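# what follows is a predicted structure for the sequence shown.
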Amino acid sequence: MQTPFIQNHQLNVIHKQADFLLKTMRTVADRKVLETVKGTAVINAIDAFDQLTMEQKNLLEQMSKHEAAYELQSYLDELEAHVIPFPEVTVKQIQKLFPKSKKLKTPDLASVDYKRTTYLRWMDVATNRLYIVYPYGEQLLGIEGQMTSTNKNGFCMFCNRHRELGFFNVKTRGSGPDQFASAGQYICIDDEACNHSITNTAPLEKFLLAAGK
């Protein structure tokens, strides 16, 4: 069995391409058009990776071989075995990431779908504080801030999908020793939907690194 090589955001890219391919299969009868779309879908899926072995590339190319919706879904289900899960974290690890939160409310880690998680987040409803944990390199990043519902839809800064948004505001250190600034972005209210939609981690990482200073 292959070593897992697909991260959640890359799996989201593959799902997006498969959905596009499926819609085309249902609406387009022209064989040449269909073959072009299949080729484009595979190229877009492969482009989500920096490097691939021949075996891994061949696996992604299999997406273009299916002719029916159920075959494509079975293919996507099989890819789950190749997904790199979010690193399982413990309550103690989370507490160390947020040492200033003495009454930290931790998430229900047993309910986390680690294979479909790019970043772990949870709300303390009593305080409207949002906590995020993200694996960056060999370490875990943790940031917290105020989450305010906006009661409007727009594009999430993390997943770039049009959804119901909240405003996430994080206090950061300013230029002076006793000065503080803030970093804020509009992000999805629904963390599961966001994790199932994110296809590029660069905006997420940029914000977390800036907010974590």
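Yep, that arrived.
# worst mean pLDDT across the helices and strands of this structure, which element?
The weakest-scoring helix or strand in the chain, judged by mean pLDDT, DSSP states H and E, is strand 180-188 (a mean of 86).
# buried set for the helix or strand that that strand is followed by?
Where DSSP states H and E defines the elements, the next helix or strand beyond strand 180-188 is helix 191-195. For helix 191-195, the neighbour count (16 or more other C-beta atoms under 10 Å) marks Asp191, Cys194, Asn195 as buried. Backbone N, C-alpha and C define where each C-beta goes, glycine included.
# now stretch 198-205
Buried-residue list, stretch 198-205, by 16+ other C-beta under 10 Å: Ile198, Thr199, Thr201, Pro203, Leu204.
# among these, which ones are in strands?
Among those, no residue falls in strands (DSSP state E).
# now those in TSV, with pLDDT?
Listed next are the buried residues of stretch 198-205 as TSV, based on pLDDT from 0 to 100:
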residue	pLDDT
Ile198	98
Thr199	97
Thr201	97
Pro203	96
Leu204	96
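# mind checking the SS state of Val13?
helix (DSSP: H, G, I helix; E, B strand; the rest coil).
# so where is the protein shaky, pLDDT-wise?
Applying pLDDT under 70 to the chain flags residues 1, 173-180, 213.
# which parts of it are helices?
8-27, 31-46, 54-61, 69-79, 91-97, 191-195, 202-211 (DSSP state H).
# show me what contacts the closest residue to Glu164 other than its chain neighbours?
Of all residues not flanking Glu164 in the chain, Ile189 sits nearest, at 4.7 Å (C-beta to C-beta, 6 or more residues apart in numbering). With contact taken as C-beta atoms under 8 Å, 6 or more residues apart in numbering, Ile189 is in contact with Ser149, Arg163, Glu164, Leu165, Gly166.
# farthest pair within those residues?
Using C-beta to C-beta, these span at most 12.5 Å, a distance reached by Ser149 and Arg163.
# which one of these two is surrounded by more residues?
Legend: neighbour count by other C-beta atoms under 10 Å for Ser149 and Arg163, higher for Arg163 (18 against 11).
# could you give the number of residues near Ala69?
Neighbours of Ala69 (other C-beta under 10 Å): 13.
# ok, now how distant is it from Lys38?
From Ala69 across to Lys38, the span is 14 Å (C-beta to C-beta, to the nearest Å).
# one step back: tell me the spacing between the residue nearest to Glu164 and Val89.
With distances taken as C-beta to C-beta, Ile189 is found 23 Å from Val89.
# the closest residue to Pro87 other than its chain neighbours: how many residues sit nearby?
With sequence-adjacent residues excluded and distances taken as C-beta to C-beta, 6+ apart, Pro87 is closest to Pro135, at 5.4 Å. Other residues near Pro135 come to 17 when the count uses other C-beta under 10 Å.
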